[in-house]
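Asks: When you get a sec, could you give me coordinates for this:
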Amino acid sequence: MKTSSKGLLFTLLVSTSLTTYAYQNSGNSGNSGNSTPVACDVIDVKITTIQLLDGSDPITVPATNASDCLGAFDGNNSLFTNPGTSTPAELGNNPGTNLGYDEDGWMNKEDYQGWWDGPGAFIDEADLLDLDGDGAVDDPGWVYVGKDEGNGFFGESSSDGSTSYDFINDLITFNNCKDAGGNAATSCVGGNAVSGNWAYNPPATNPEELTNLLGGDFFDQVAIVFKAGNAFAMYNFNIFELGLPPVLAGDFNYAFTGTWDISQVLGNHALSNISFFARDPIDATSVPEPSSWALMLLASFFLYRRRKTKV
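Replies: The predicted model follows:
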């Protein structure tokens, strides 16, 4: 079992790297795809509500863009979500721990395929950690949480050899999806959708098995990856930018909802699957000062809760 105290905000999601994929479905009206991929924009994916899962109602917040994005990139990253592997031949011999260690999955590889410039996706040298306890500060920290290929979101497993945890199914859901013509989509994932709403639905508190494996702090980033046709785009949310207090072991988690629109970046090709990642993370004692925007968001959040309590 890992002894590092670095842990998790499997709650604050959304660095949240979520990887979403989409494909061209020429049999669906208005969704045959009309262009090659273009540069992503942080406005493609947004947060619109936050809910503390202590029985509080969701609150609407100013639409919050993704912190960063990568892509769109041509090609198919079919092994993107296989921790510990970069080729099919490696899969049987090196399944990986899925604990964010250096080289454990594509998100934790340096300058991989030229898709990013750094030791891992959305990671700088200053963000590196020693998660595996080998004395080298070289671990990017990305944990593969799960994937939706059209039959719902299925959680992935993490293990240190003695302790393991399966992330919950339906952690990420999609609804109110539209096709390229603005009509109701046949299905959000695996249908003809190019835009819609998403929801992050964690348990009210983090399970003991999860905190035992990853520690009692919190994830500091999440990411989502979208694939359409022969291309994909990646979006990152940095939890600190939301200005929310860290969620520690025993604390209540936050749920989030928001919007997504890949019609421009992926050329109106339909969403075929999404993958979600979270970064295990930074010591809570090292949390940076929130931005002025985050402070305004945090103030409005607690003002709402205070008014609700007085009613």
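Asks: and Ala37, how many neighbours?
Replies: Rather than Ala, residue 37 is Pro. Residues near Pro37, counting by other C-beta atoms under 10 Å, number 22. All C-beta spots, glycine's among them, are computed from the backbone N, C-alpha and C.
Asks: now do Val143
Replies: Residues contacting Val143 under the criterion other C-beta under 10 Å number 31.
Asks: Also the one 3 residues further on?
Replies: Here the number of neighbours of Gly146 (other C-beta under 10 Å) works out to 23.
Asks: what's the closest non-adjacent residue to it?
Replies: Closest residue to Gly146 apart from its sequence neighbours, by C-beta to C-beta, 6 or more residues apart in numbering: Gly155 at 4.2 Å.
Asks: sec struct for the closest residue to Ile262 other than its chain neighbours, please.
Replies: Leaving aside its sequence neighbours, Ile262 sits nearest to Phe226 (C-beta to C-beta, 6+ apart; 5.0 Å). Using DSSP: H, G, I helix; E, B strand; the rest coil, the three-state assignment for Phe226 comes out as strand.
Asks: Could you measure from Phe226 over to Leu128?
Replies: Separation of Phe226 from Leu128 (C-beta to C-beta, to the nearest Å) stands at 27 Å.
Asks: Out of those two, name the residue with the larger neighbour count.
Replies: Shown here are Phe226 and Leu128; by other C-beta under 10 Å, Phe226 has more neighbours (32 against 18).
Asks: Could you double-check that that one sits in contact with Leu271?
Replies: Yes: contact criterion C-beta atoms under 8 Å: Phe226 and Leu271 qualify, at 6.4 Å.
Asks: ok, the residue nearest to Gly146 touching Val145?
Replies: Yes: the pair Gly155 / Val145 is scored as a contact, 6.6 Å apart, by C-beta under 8 Å.
Asks: Mutual contacts of those two, please.
Replies: Residues touching both Gly155 and Val145 (C-beta atoms under 8 Å, 6 or more residues apart in numbering) are Phe167, Leu171.
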